[in-house]
Every structure is written in C-alpha cells, then in structure tokens.
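J.: need the 3D shape of this:
(2 chains)
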There are 2 protein chains.
Amino acid sequence: MRISELARRGEVPVGTVKFYLREGLLPAGRSTSATQASYDEQHVARLTLIRVLTGIGGLSLAVTRDVLAAIDAPPKSLHDLLGAAHSALGGELSASEDARERARGLVDRLGWQVSDQALALGQLAAGIDGLAAAGFPATDDELTRYAAAAGEIARGDVAGVPTGPAQEVIRYVVTKTVLAEPILLALRRLAQEDVSARGVGG
Amino acid sequence: MRISELARRGEVPVGTVKFYLREGLLPAGRSTSATQASYDEQHVARLTLIRVLTGIGGLSLAVTRDVLAAIDAPPKSLHDLLGAAHSALGGELSASEDARERARGLVDRLGWQVSDQALALGQLAAGIDGLAAAGFPATDDELTRYAAAAGEIARGDVAGVPTGPAQEVIRYVVTKTVLAEPILLALRRLAQEDVSARGVGG
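T.: Numbers count the residues shown, from 1 in each chain, chains lettered A, B, ... in the order given. Just a heads-up that it's a prediction; the model follows:
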C-alpha cells in the first residue's frame, strides 16, 4: 500500500507517518520508484502501536523509541522480556536513601524476588518521597495494601502472557504493561466514586 | 520568610518560585516593601505540593492549576470532593461508542454507583480502545480482574480519608489520588518481576 493508505489505516496524518519514518520509529517501506515506497500490514501494526503508546499510553517519543527497541530486540526468557520492557518504560528517578530502604524493605517483607537494579524500586521510592513531601506520608499498612492488590494484578498479567513467537510475546508484554495502566487508574477512580457514593468512610 | 528561604524550603530554584507567583499557582506573599514580600508555612506547603504534583505526580502545569483550584474550592461532601479531584485530574478523552458501552456495561455489572458524567468512564473506554488498536483487546475476564483489584484499593483509599477541616480533606484526597498512582504502578511492575522470576506463566 502507499503512504496515504498506511496513514489512513493507522489513523494519523501523512505528515506524522513521514516524521516517524524520518525518526526511524517506523521502518522504511520497499522502494517502488525514486520517490515512492510500498508498505505492508506490519507497517500498519507498528504505526498503530506508536499512535497508541504516544496517545492513551502517554509515552514521550523518546520512551516510545526505547519501548520499540525492546520489542525489536531478540528476547530470551519471559523474565528478561519483562525486564527489558520495564527498563524501556521507566527512567531512573531520584529518591532519598530512606525511601529506597523502605521500598526494598517492603519488597523483602513480601518475599518478592526483585533485583536491586529494578527501576521500579526507584519509582516506588520516589512515590514514597512524594507523599511524604506533600505532607501525607504513606503508612506501612497502606503500602502493604497496595502491594497486595498489585500482586493480584501481576499474577493475572503474567499468567495471561501467550505462548508464541518471541517477538509477539514481547509486543504483548510491553503493550499490556503500558496500556493496562490507564485502565487500572481509571477503574480505581470509578471504584472510589462508587465507594464514596455509598457513603463508606465519608 | 523571604523568597530565597521559601525556595530553599520548597526545594526549587528562586526563579521557579517567581514563575509560580506570576502564574498565580502560588499566592502572593505579604508585602514588606516595594520590592520584597514575606512568606509563611502555607506557602512552603503549597510550593512543595506543586513540586511533587508536577514531578513524581507527572501532572502538566495546566492540570496542576486545576488540581489546586479543586483544593481551594469550598468542598461539600466527600463524594463531591472526589468528583472535583477527578475532574481536575482527567481531561475528556476521545473513545469509541463501543468502548464507552463496554466501560458502562462493566461498571453496571459490578453494581458500581458511577455517574454517566464520570470522566474516568471515558478514560477507561480510551484504554479499552488503545488495547484493541494495539492488537491485544482486553477480555471481559481481564477487565473484571482489574476492577476487583481497583475496588480493593479504592475501599482502603476512601476509608483512609481523615476527618478534619474540609480544606485538609480535599488536599489529602487529591494528593493521595495523584501520588499513589506511581506507587501502584511501580508495585505492579515489581510484582510482575517477582511472579516471572518464580517462572509462573513463563
């Protein structure tokens, strides 16, 4: 298909497709003349993924580039896939030593097998710092409660990973990790609305 | 205190404090001369909140402004407080009619009391559209599973709301809603790492 058809199928303007091609986010098409190229279904899928990751996924172009690189890298085990996906998604966040120890302590208390290098440990610590700075420090009970819910979610997430070509597996893991986040947060807000409508705790 | 002390306490550069003052995010200090003003502990608390919301909270300046307005507005019930906080946080997202019906259907099936005007319904629908566009549509089971975890979290969230001056309550609700989100997402990633390290589903 031509670039105009690719843009229509991917639901973005032609200029955006050209931009992604220039930036290398989208692989070049097969040249059919000096000024024209032909694109296939893989281009449509990749373009749609970029649109969704940068749209509802809320990722910057730089992070999207890293996520796509993780998808394209030759994956090893599911565990390595997840690590690559998380690395692509989460930048290093600055956090206090205290908060880092608290994050590590929580994970250890839960008996979770988590590497000290996990970027999400820094994200958790930064969140703990943020709540403390805002004047509402997270209690241990609260963190344990969030962790229990997160554990439930993760068990289902990992169990749902399909078997199949490695490329497809990492695309699934990355996509679900990014795109389930707004769903989860929206559901938390809806559940808060329900609980408060019933007058519990209010 | 003077502006330099305020900046030090709020852990931001003086230029940033001046910017927030100009933008009206931070209320003016008490004038002590033609060119100087004096600031108090409330300024420190507000400045810290702005730093945290725009930092780890990931909010844009425009959304931060709306969140601060929700905090400053005279609140009525806890339910209205939550509604104001959610409105401030979530912009209207475009979503398909199908996804909106699916979101509404899920909430109804769960028996949640949620208004049709809830912005989070649109966010949920946009997330459902995003996963479908990426080629991994969310199943009903998956959405129900996320909803169960979100319900658990929300029950604790709402039960944890303190009694006290209304202003303090809304500051708590907004802060916890925004700042618990990165914590929750970090914990999900850590739990995924743990589950996959144990080789479940991999």
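J.: wait, isn't A:P137 in contact with A:L131?
T.: Yes - contact criterion Cβ atoms under 8 Å: A:P137 and A:L131 qualify, at 5.7 Å. Every residue, glycine included, has its C-beta placed from N, CA and C.
J.: so for the two, which sits in the more crowded spot?
T.: Counted by other Cβ atoms under 10 Å in any protein chain shown, A:P137 and A:L131 do not tie: A:L131 has more neighbours, with 24 against 13.
J.: contacting residues around that one?
T.: Shown in contact with A:L131 (Cβ atoms under 8 Å, 6 or more residues apart in numbering or on different chains): A:137-138, B:175-176, B:179-180, B:183.
J.: recalculate using a threshold of 10 Å.
T.: A:99, A:137-139, A:142-143, B:52, B:56, B:175-176, B:178-180, B:182-183 (Cβ atoms under 10 Å, 6 or more residues apart in numbering or on different chains).
J.: could you do A:Y172 as well?
T.: Shown in contact with A:Y172 (Cβ under 10 Å, 6+ apart): A:71, A:81, A:85, A:160-162, A:164, B:134-136.
J.: is it possible to get TSV of those residues that adds secondary structure, distance to A:L106 and neighbour count?
T.: TSV is the format used below for the contacts of A:Y172 (DSSP: H, G, I helix; E, B strand; the rest coil; distance: Cβ to Cβ, whole Å; neighbours: other Cβ atoms under 10 Å in any protein chain shown):
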residue	secondary structure	distance to A:L106	neighbour count
A:I71	helix	30	23
A:L81	helix	25	24
A:A85	helix	22	26
A:G160	coil	25	16
A:V161	coil	25	20
A:P162	coil	31	11
A:G164	coil	34	10
B:A134	coil	32	24
B:G135	coil	35	14
B:F136	coil	30	20
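J.: I'd like those as CSV, with pLDDT and distance to A:R2 appended.
T.: Converted to CSV, those look like this (pLDDT from 0 to 100; distance: Cβ to Cβ, whole Å):
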residue, pLDDT, distance to A:R2
A:I71, 75, 25
A:L81, 68, 34
A:A85, 68, 33
A:G160, 76, 37
A:V161, 76, 36
A:P162, 76, 33
A:G164, 74, 31
B:A134, 80, 24
B:G135, 82, 22
B:F136, 84, 28
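J.: neighbours around the residue nearest to A:I183 when sequence neighbours are not counted, how many?
T.: Computed as Cβ to Cβ, 6 or more residues apart in numbering or on different chains, the closest residue to A:I183 that is not its neighbour in sequence is B:G127, at 3.7 Å. Other residues lying near B:G127 total 29 when counted by other Cβ under 10 Å.
J.: can you say which helix or strand has the most centrally placed residue in chain A in it?
T.: Among the residues of chain A, the one closest to the centroid is A:V178, at 2.6 Å (Cα atoms, centre = their mean). Taking DSSP states H and E as the criterion, A:V178 maps to helix A:166-197.
J.: closest to A:I170 among the contacts of A:L131?
T.: Nearest to A:I170 among the contacts of A:L131 is B:P182, at 23.7 Å by Cβ to Cβ.
J.: and the strand or helix carrying the residue nearest to A:I183 with helix A:166-197, angle?
T.: Assessed by DSSP H and E, B:G127 sits inside helix B:119-133. If you take axes from the mean of the first three to the mean of the last three Cα atoms, to 10 degrees, helix B:119-133 sits at 170 degrees to helix A:166-197.
J.: the strands in chain A, which residues?
T.: A:30-31, A:37-38 (DSSP state E).
J.: show the pLDDT at A:S96.
T.: For A:S96, the pLDDT comes out at 89.
J.: from A:V63, how far off is A:I170?
T.: A:I170 sits 16 Å away from A:V63, going by Cβ to Cβ, to the nearest Å.
J.: sorry, back to before: ok, the residue nearest to the centre of chain A touching A:V67?
T.: Yes - the criterion here is Cβ atoms under 10 Å, and A:V178 meets it with A:V67 at 7.1 Å.
J.: let me see the contact set for the nearest residue to A:G156 once chain neighbours are set aside.
T.: Spatial nearest neighbour of A:G156, excluding adjacent residues (Cβ to Cβ, 6+ apart): B:R145 at 4.9 Å. By Cβ under 10 Å, 6+ apart, B:R145 lies in contact with A:152-153, A:155-157, A:160, B:138-139.
J.: and the least confident of the residues you listed?
T.: For these, the weakest pLDDT value sits at A:G160, with 76.
J.: what distance do you get for it to chain B?
T.: 7 Å (Cβ to the nearest Cβ, to the nearest Å).
J.: give me the pLDDT for the closest residue in space to that residue that isn't next to it in sequence.
T.: Leaving aside its chain neighbours, A:G160 sits nearest to B:E142 (6.9 Å; criterion: Cβ to Cβ, 6+ apart). Note for B:E142: predicted pLDDT of 89.
J.: my guess is B:E142 contacts B:R102. True?
T.: No - shown here, B:E142 and B:R102 do not form a contact pair, counting by Cβ under 10 Å, at 11.9 Å.
J.: flag the shaky bits of chain A, pLDDT-wise.
T.: A:74-78, A:81-82, A:84-85, A:87-92, A:166-167, A:199-202 (pLDDT under 70).
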